[in-house]
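Engineer: Give me the fold of what follows.
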Amino acid sequence: MSLYLSKGLLPEVRMKDKQRAHLASLTETRDILVKQSSALKNTVNNILSARRVNLAKEALSSDKKLAQVPVKAASNRAEKPNTPGGVP
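Structural biologist: Below is the predicted model:
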């Protein structure tokens, strides 16, 4: 390493000050959260689409829009009471 340093082959590195490092960390965290949120919304939308429940693109974008989504009754299978031994 000293050989490269003596020949000027090592790149110059600049350290970020605390404020810039903190800002970079916050920005990276926000980016991760936005990507995870989008992935979760896509997953929910895919599950609903598989069950033939088609939502508008913006339906999962906010709490207000989510509250406007009509909730359908659970399937008949989920509404049947459980009986001992699995016999109806």
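
Engineer: Point out where this structure drops to low pLDDT.
Structural biologist: Residue ranges of the chain with pLDDT under 70: 73-88.

Engineer: what's downstream of the top helix by length along it, the next helix or strand?
Structural biologist: When the chain is parsed with DSSP state H, its longest helix is helix 18-50. Using DSSP states H and E, the helix or strand that follows helix 18-50 in sequence is helix 63-67.

Engineer: what comes into contact with that following helix?
Structural biologist: Helix 63-67 is contacted by residues E58, A59, L60 when judged by Cβ atoms under 8 Å, 6 or more residues apart in numbering. No exception for glycine: its C-beta is placed from N, CA and C like everyone else's.

Engineer: could I get these as JSON lines with distance to L23 and neighbour count?
Structural biologist: Below are those laid out as JSON lines (distance: Cβ to Cβ, whole Å; neighbours: other Cβ atoms under 10 Å):
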{"residue": "E58", "distance to L23": "30", "neighbour count": "9"}
{"residue": "A59", "distance to L23": "33", "neighbour count": "16"}
{"residue": "L60", "distance to L23": "30", "neighbour count": "18"}
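
Engineer: returning to that earlier point: would you mind listing the buried residues in the longest helix of the chain?
Structural biologist: Buried residues in helix 18-50, counting neighbours by 16 or more other Cβ atoms under 10 Å, are found at N45.

Engineer: The chain should start at 72 in everything you say after this.
Structural biologist: Sure, I'll start counting at 72 from here, so that last one is helix 89-121.

Engineer: helices or strands next to that helix in the packing?
Structural biologist: Counting contacts by 3 or more Cβ pairs under 8 Å, 6 or more residues apart in numbering; DSSP states H and E, helix 89-121 packs against no other helix or strand.

Engineer: Could you state which residue of this protein sits nearest its centroid?
Structural biologist: The chain has Q107 as the residue nearest its centroid, 1.8 Å off, counting by Cα atoms, centre = their mean.
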